[in-house]
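# Structure here, sequence nowhere to be found:
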């Protein structure tokens, strides 16, 4: 079961087509959330990476993330619930 913040993160990545090779910074994902929940949102990103929903790409300028293309069907189903 995904939390509200996790669903928000997945929806934002899906809506902007950050799937597979196209990626964005973790800092960009938490924008749009209230400032008091941004720490929790970063923890949610790490949790989604551990569960395989999000792929992490280390770069010289910081961690980048994108949706796992193999999990798109499961992500769509989770967003519809």
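Now that the structure is in, tell me what you want to look at. All of these numbers come straight from a predicted model, not from anything done at the bench.

# okay, the residue sitting furthest away from the middle of the chain: pLDDT?
Distance from the C-alpha centroid of the chain, by C-alpha atoms, centre = their mean, peaks at residue 60 (19.9 Å). pLDDT recorded at residue 60 is 93.

# Okay, strands next: where are they in this structure?
Residue ranges of the strands in the chain, as given by DSSP state E, are 24-25, 54-59, 62-67.

# ok and the longest helix belonging to the chain relative to strand 54-59, angle-wise?
Criterion DSSP state H: the longest helix present in the chain is helix 38-51. Angle, helix 38-51 to strand 54-59, by axes from the mean of the first three to the mean of the last three C-alpha atoms, to 10 degrees: 100 degrees.

# who touches helix 38-51?
3, 5-6, 8-10, 26, 29-30, 33, 54-56, 65 (C-beta atoms under 8 Å, 6 or more residues apart in numbering). The way it works is simple: take the backbone N, C-alpha and C, and place the C-beta from them, glycine included.

# Kindly report the same for stretch 72-79.
2, 7, 10, 11, 14, 19, 53, 67.

# Now for the closest residue to the first one other than its chain neighbours, how many residues are close by?
Looking back up the chat, that one is residue 2. Among residues not flanking residue 2 along the chain, residue 78 sits closest, at 5.4 Å (C-beta to C-beta, 6 or more residues apart in numbering). Look at residue 78: counted by other C-beta atoms under 10 Å, it has 16 neighbours.

# Could you check how far residue 78 is from residue 36?
25 Å (C-beta to C-beta, to the nearest Å).

# Can you read off the pLDDT for residue 66?
So residue 66 comes in at 97 (pLDDT).
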